[in-house]
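In: have a look at this prediction, sequence included:
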Amino acid sequence: MMHAKQFLLRAALLSLVALLPLGNASAADEKPQGELAREAEAAVQKGIDHLRTKGQTDEGAFTPAIGPGITAIVTASVLRNGRTVDDPLVAKGLKYLEGFVQPNGGIYDPKSRIQNYETCLGVVCFSEANVKGRYDAILKNADKYLKGLQSDEKDGRKPSDVEYGGVGYGGAGRPDLSNTHFLMEALEAAGDGPDDEAVKRALVFVSRCQNLETEYNTTAFAAKDPDGGFYYTPAGGGSSPAGKTAGGGLRSYGSMTYAGLKSMIFAGLKADDPRVKAAIDWTQKHYTLTENPGLGEAGLYYYYHLFAKALDAAGQETITDSDGKVHHWRTELAAELARRQQPDGSWINKDSRWMEGDPNLVTGYALLTLSYCRPAAKK
């Protein structure tokens, strides 16, 4: 018997095709609506089947050699696609993750150097599985632990310090936008809203990662390349995998721009805030699904899931690109992912940077992305 959540998600998949714009010359648009719906559902099912039969260990883990993070991503992705906590893959994954809950509230391998990353992913996963409050205590304790990792007054940081509000992989490491957006996503999943002090502090750091000089960002990089996009970190002398501009600025790139946009939305900023406006403008000028803008194939599936999460959070149903073309991103992204799926149901990036040569991780990213490609819920 189909669970209610699965039924609703299947219905959403069937209605996905209704969003396809008339006159779009894409290959997907030339197919009958029923075929598009079946392909979308089949892509999700094939991905889950691959993970179930080829990705998961007997203990419930996915790629356990590098810690619990990938297991958290995969388990959350399966839950977001309509499977329940009773699904064998999910149940085994959750049990495995429960073994990493630490006395201090963190959710990580004790030998790990990426404790923030692993805990944040664990929080998001357990929040997806929190049926009848079964993980309330774990989420509450993890929330407290994560806030303790944030660079702030307890570490002698002042709001004027460039590191303030950010978080790195763990401990006293250099804060960066990638880890800080995971923190903000975990805080949101744990129920912390824009009025939470940790969220407010994180917004201070996020704003300083944007190529936009405002009252919120007076760092040395803010005005050197003011395109409204985001880069990795202004801390420790500044860093961007996309490199520097001729004038010494840090180049914006796709995945961090969507990470920044999503984080600002979670922090309560609205569409009329200049920081949000500038970020949206950047996405319009750099709209693409064929690469991670600024980095090519590197981190492509990380980019896809941030792209989808950010635009969904912002309520942005279409993007008008620099040529004036209107893109219905949900259907275009779903079609792109279906095109890239391997015959065995997995996804993998030919550029293995940032572990995207691991089909478990990349398939988890792809399934998370597809869960945001369904039509937005009406509010």
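Out: Thanks, I have the structure now.

In: all helices in the stretch 201-350 of the chain, in order from the N-terminus.
Out: 254-266, 274-285, 300-314, 329-340 (DSSP state H, counting those that start in this stretch).

In: now for the third one, which elements pack on it?
Out: Read that as helix 300-314. Applying 3 or more Cβ pairs under 8 Å, 6 or more residues apart in numbering; DSSP states H and E, one finds that helix 300-314 contacts helix 254-266, helix 274-285, helix 329-340, helix 359-371. The C-beta positions use only the backbone N, C-alpha and C, and glycine is treated the same way.

In: over to the last one?
Out: Counting contacts by 3+ Cβ pairs under 8 Å, 6+ apart, helix 329-340 is packed against helix 4-16, helix 33-50, helix 300-314, helix 359-371.

In: lowest average confidence across the helices and strands packed on helix 300-314, which one?
Out: For the helices and strands packed on helix 300-314, mean pLDDT drops lowest on helix 329-340, to a mean of 93.

In: so how far is it off the chain centroid?
Out: With Cα atoms, centre = their mean, to the nearest Å as the basis, helix 329-340 stands 17 Å off its chain's centre.

In: list the buried residues of that helix.
Out: Buried positions in helix 329-340, judged by neighbour count with 16 or more other Cβ atoms under 10 Å: 329-338, 340.

In: quickly compare the helices of the stretch 201-350 of the chain and say which is most buried.
Out: Among those, the stretch with the highest mean neighbour count (mean count of other Cβ atoms under 10 Å) is helix 254-266, at a mean of 28.

In: the inter-axis angle of it versus helix 274-285?
Out: 140 degrees (axes from the mean of the first three to the mean of the last three Cα atoms, to 10 degrees).

In: pretty sure residue 271 sits against residue 313.
Out: No. In this structure, residue 271 is not within contact of residue 313 by Cβ atoms under 8 Å, at 11.6 Å.

In: thinking again about what came up before, redo the helices of the stretch 201-350 of the chain as TSV? Include distance to residue 78.
Out: Putting those into TSV (distance: least, Cβ to Cβ, whole Å) gives the following:
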stretch	distance to residue 78
helix 254-266	22
helix 274-285	28
helix 300-314	14
helix 329-340	16
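
In: out of the ones you listed, which is closest to residue 138?
Out: Nearest to residue 138, of all those, is helix 254-266, at 20.9 Å by Cβ to Cβ.

In: list the helices and strands that closest one packs on?
Out: Checking 3+ Cβ pairs under 8 Å, 6+ apart, helix 254-266 ends up next to helix 177-189, helix 197-207, helix 274-285, helix 300-314.

In: out of the ones you listed, which gets nearest to residue 40?
Out: Comparing the helices and strands packed on helix 254-266 by Cβ to Cβ, helix 300-314 comes nearest, at 13.8 Å.

In: so how far is that closest one from its chain's centroid?
Out: 6 Å.

In: stretch 310-329 too?
Out: On Cα atoms, centre = their mean, the centre of stretch 310-329 falls 17 Å from that of its chain.

In: again with stretch 210-225
Out: Offset of stretch 210-225 from its chain centre (Cα atoms, centre = their mean): 24 Å.

In: kindly report the same for stretch 364-374.
Out: 10 Å.

In: go on, stretch 119-127?
Out: With Cα atoms, centre = their mean, you get 12 Å for stretch 119-127.

In: and stretch 124-131, by the same measure?
Out: Centroid separation for stretch 124-131 versus its chain: 16 Å, with Cα atoms, centre = their mean.

In: do the same with stretch 219-228
Out: 24 Å.

In: quick one: low-confidence parts of the stretch 151-300 of the chain?
Out: Under the criterion pLDDT under 70, the flagged ranges of the stretch 151-300 of the chain are 171-172.
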